[in-house]
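Participant: model the following, please.
(chains A, B, C, D, E and F)
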Number of protein chains: 4
Amino acid sequence: MTPPVSPLRPRKRPLQPRSLETVSCILEAAAQILEAQGFDAFNTNAVAERAGVSIGSLYQYFPGKDALVIALMRREKERFREDACAALQAPTGREAMLHLIRSAVRQQLDRPELARLLDIEELRPEAQAETQGVTGFRALMRAALDHADLPQQPDKEIATDDLCALVRTLVDAAGYRLESDRMGVESRLSGAIFGYLEGASAKHQQR
Amino acid sequence: MTPPVSPLRPRKRPLQPRSLETVSCILEAAAQILEAQGFDAFNTNAVAERAGVSIGSLYQYFPGKDALVIALMRREKERFREDACAALQAPTGREAMLHLIRSAVRQQLDRPELARLLDIEELRPEAQAETQGVTGFRALMRAALDHADLPQQPDKEIATDDLCALVRTLVDAAGYRLESDRMGVESRLSGAIFGYLEGASAKHQQR
Amino acid sequence: MTPPVSPLRPRKRPLQPRSLETVSCILEAAAQILEAQGFDAFNTNAVAERAGVSIGSLYQYFPGKDALVIALMRREKERFREDACAALQAPTGREAMLHLIRSAVRQQLDRPELARLLDIEELRPEAQAETQGVTGFRALMRAALDHADLPQQPDKEIATDDLCALVRTLVDAAGYRLESDRMGVESRLSGAIFGYLEGASAKHQQR
Amino acid sequence: MTPPVSPLRPRKRPLQPRSLETVSCILEAAAQILEAQGFDAFNTNAVAERAGVSIGSLYQYFPGKDALVIALMRREKERFREDACAALQAPTGREAMLHLIRSAVRQQLDRPELARLLDIEELRPEAQAETQGVTGFRALMRAALDHADLPQQPDKEIATDDLCALVRTLVDAAGYRLESDRMGVESRLSGAIFGYLEGASAKHQQR
DNA sequence: AATGAATGAGCCTTCATTCAT
DNA sequence: AATGAATGAAGGCTCATTCAT
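Facilitator: Numbers count the residues shown, from 1 in each chain, chains lettered A, B, ... in the order given. I've put the predicted structure just below:
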């Protein structure tokens, strides 16, 4: 009878413009605290205060702490998707892949610490359940792999996972070094990715 | 005059055999809780209880929660080092690299969740300060890169970081899928690594 | 940018009438526990319970145990100041002094044990830093000493300290004996004080 | 049937010289910690460690923390008594009093912080029960008051208490200022004491 | 006698969440 | 809708004390 209640999605959809703004204020506050002070300082009271909103209001829009993190992940994924979806139009796998790489680097180096922490959070089981619906990086990567011009992989799902992980970590590593040379990062990343793809067609596996 | 007191290293060296066992009990309990229930369930009371030890005893040997994690990292690094150090003797870079890969895969797939969580923890600033002294994976990787038979890298420190991250993540990803085919993982990893190394000698960097 | 955060002053100013009452409830509970059971029984949980307030609420207004004690000291000093400040108006030093004595006796015999314990606490270095701003007994005593009709002292700061200590202890001693005859106490106190003042003009110092 | 067991007196009288030395080591360690670090740092483990003795041994000689403090108080009282008892021989009250003052100043300025903290501790009810048997300062002061050359007091017990408190505090205050001029302190003290004694024979009590 | 490992009650404090206003 | 006071479970840590060796 009662509608399906999830503790991870908003209680009420913000429909009025004022509410919409409140929500994005809260999310941005959450992002800032996360990237500036890390997980330990990330708590609902702090987010509300930074957002200039009462803790009560925060709970109006987000039913709990986890919902806040999930929403943040969605927001960042969305930002990424808008930039990266064009990869689907690319005529070749190589071009699609390069586009993906460029988008990923752009996103990750834009707010590196935020991206890194969300990446970690994304592996938590609760988060995974909630986030997988969103067309994200993985889906685009999976699609790119289907192009015929790329070396075929024995197991495309595994390859997808690996490539996602690989992109994520190498860019995180760059962010961690405060590197800002996007070209350099992209170039190393391409090396790793195409190396991985070709490597699967044997030749490196000798003992 | 007073000995350097750090909140991150043991208070007392366990001298009697009884206490030695207590310490390893505690560490193993910590490991089990971490891998079975994650960070959120990881607290000193839980660890003590699982270790079958009073909370007071835990604090005799570990001055705090962080010290426990650090000690765990040291323990795992040590385990790894014993296995991987032989890589230093390898005559060629390729062989050294393969040895490293094999050790890393072995270690990481042995207790995948534990390894993954410790990898994350390792990025926290406090942990870094404490752990960097220990000859770990990075040092071995750095040494391997110096061999002449491997493609030379424009910046060896960056390459070292990248390769470490790459190994870590791909094996984590495998662990996450509960994959247990070590050969397969090693093979994909080799592909990525040697691909990365060669990729740096251009040919993939076109826009 | 961030407001000065001290572990010794209130976190929040209580703004709503409800919280104002909570704060005074907590302070009074603290006072009662202190005077009825002493320092050893004085802990945040006990205070909160006696105040009929959750421990969380206590921490909203007092960032820690010490802050509670400091606040209590301020409250009592304030009570005293209101009563004793009139001493500043007295035309002669003798009258000012007698007024001070009367106020001190009144205050100290009103809640003797509380006063005594706070006096002890006041000597702790942390407390001193926090409390010295408040115009307290010492400042009034110091002012009284400046009147010309009192025997001049070789070092007025020392004399001030001594007289404060003297008043405090003699009244404490009376409180300790559960004496309630204020006149008697005042009279003995006057003797000691004026004796001290005159004594400084020699005549008792032979070896 | 069982002998009267008190948790405040030693479990076993130390009869052998080695034990005697251990006991005094422990007491001295307790004194040092108390004066150097205050009550908060004063705990049985710390005392044992500083004494170079195992915690087990400490409990052999002192059945608990309080017993340790009591024993310390006794030791200091004893030290004082040896010095001050000669006051009993003085022919006049004035001379007895001056002797007492001198002894008190000597004792208190010798280890001012220790003396001050023990003075505070002495007011705790448990301590009082245990310590009152010891012929201490109060008994000597009481005896001195009986001399005929001193102004007679309406209530000699009260006067005794007051004078003890007065001596204690003024010397504490001097110790607190790190004053080391014993003559100055003694002189101010005499002023206060004889002032108090004379004051009781009226002349200062007008409103 | 001496040792020191072990114990655990109990204190301090935080923070996710609720609810009266 | 918004506020923010209030709650209390939960977790970190200390230290007086015991007891097996």
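Participant: contacts, neighbours, all on C-alpha from now
Facilitator: Noted.
Participant: grab the nearest non-local neighbour of whichever residue of chain A sits closest to chain B.
Facilitator: Among the residues of chain A, A:Gly195 lies closest to chain B, at 3.3 Å counting by Cα to the nearest Cα. Counting by Cα to Cα, 6 or more residues apart in numbering or on different chains, the nearest residue to A:Gly195 once its immediate chain neighbours are dropped is B:Gly195, at 3.3 Å.
Participant: so the one you found touches A:Leu189, yeah?
Facilitator: No. Here B:Gly195 does not reach A:Leu189: they are 9.9 Å apart, not a contact under Cα atoms under 8 Å.
Participant: nearest residue to the spatially most central residue of chain A in space, please, no chain neighbours.
Facilitator: For chain A, the residue nearest the mean C-alpha position is A:Lys77 (4.8 Å; Cα atoms, centre = their mean). Residue nearest to A:Lys77 in three dimensions, not counting chain neighbours: A:Gly136, with 6.1 Å by Cα to Cα, 6+ apart.
Participant: for the one you found, what are its contacts?
Facilitator: Residues in contact with A:Gly136 (Cα atoms under 8 Å, 6 or more residues apart in numbering or on different chains) are A:77-78, A:80-81.
Participant: neighbour count says what about the residues you listed? Which are buried?
Facilitator: Buried residues within the contacts of A:Gly136, counting neighbours by 16 or more other Cα atoms under 10 Å in any protein chain shown: A:77, A:80-81.
Participant: A:Phe39: neighbouring residues, count only.
Facilitator: When neighbours are defined as other Cα atoms under 10 Å in any protein chain shown, A:Phe39 has 12 of them.
Participant: what do you get for the one 5 residues further on?
Facilitator: Counted with other Cα under 10 Å, the neighbours of A:Thr44 add up to 19.
Participant: whichever residue of chain A sits closest to DNA strand F sits in which helix or strand?
Facilitator: Of all residues in chain A, A:Gly56 sits closest to DNA strand F, at 3.0 Å by Cα to the nearest atom of the strand. Using DSSP states H and E, A:Gly56 maps to helix A:55-61.
Participant: re the thing from before, B:Gly195 and A:Leu189: who's more crowded?
Facilitator: Between B:Gly195 and A:Leu189, counted using other Cα under 10 Å, A:Leu189 has the larger neighbour count: 29 against 24.
Participant: which residues touch the more buried one?
Facilitator: Counted by Cα under 8 Å, 6+ apart, A:Leu189 has contacts A:101, A:167, A:170, B:196.
Participant: may I ask which helix or strand of chain A has the lowest mean pLDDT?
Facilitator: Every helix and strand in chain A was compared by mean pLDDT, DSSP states H and E; the lowest is helix A:125-131, with a mean of 77.
Participant: and chain B, is that helix touching that?
Facilitator: No. Using Cα under 8 Å from any Cα of the partner chain, helix A:125-131 stays clear of chain B, coming no nearer than 10.2 Å.
Participant: is any part of that helix close to DNA strand E?
Facilitator: No. Figure legend: helix A:125-131 not in contact with DNA strand E (Cα under 7 Å from any atom of the strand); closest approach 13.1 Å.
Participant: okay, now A:Gly167: neighbour count?
Facilitator: Wrong residue type there; residue A:167 is Val, not Gly. 23.
Participant: mind checking pLDDT for the nearest residue to it once chain neighbours are set aside?
Facilitator: Excluding its sequence neighbours, the residue lying closest to A:Val167 (Cα to Cα, 6+ apart) is A:Leu189, at 6.8 Å. At A:Leu189, the pLDDT value in this model is 90.
Participant: is A:Leu189 within a helix or a strand, and which one?
Facilitator: With DSSP H and E as the criterion, the answer for A:Leu189 is helix A:182-199.
Participant: let's see that helix as CSV, backbone CA atoms only.
Facilitator: Taking only C-alpha atoms (Å, rounded to 0.1, in the frame of the first residue of the first chain), the coordinates of helix A:182-199 have been written out as CSV:
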residue,chain,number,x,y,z
ARG,A,182,46.3,16.9,-18.6
MET,A,183,48.1,15.9,-21.8
GLY,A,184,50.7,14.0,-20.0
VAL,A,185,48.2,12.1,-17.9
GLU,A,186,46.1,11.3,-21.0
SER,A,187,49.1,10.1,-22.8
ARG,A,188,50.2,7.7,-20.1
LEU,A,189,46.7,6.5,-19.7
SER,A,190,46.4,5.7,-23.4
GLY,A,191,49.5,3.7,-23.1
ALA,A,192,48.2,1.7,-20.3
ILE,A,193,44.8,1.2,-21.9
PHE,A,194,45.8,0.2,-25.3
GLY,A,195,48.6,-1.9,-23.8
TYR,A,196,46.1,-3.7,-21.7
LEU,A,197,43.9,-4.3,-24.8
GLU,A,198,46.6,-5.6,-26.9
GLY,A,199,48.3,-7.5,-24.1
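Participant: which residues does the closest residue to chain C within chain A contact?
Facilitator: Residue nearest to chain C within chain A (Cα to the nearest Cα): A:Arg50, separated by 11.6 Å. Neighbouring residues of A:Arg50 by Cα under 8 Å, 6+ apart: A:Ala29.
Participant: and it, how far from D:Pro112?
Facilitator: 50 Å (Cα to Cα, to the nearest Å).
Participant: next: A:Val105.
Facilitator: As judged by Cα to Cα, A:Val105 and D:Pro112 stand 67 Å apart.
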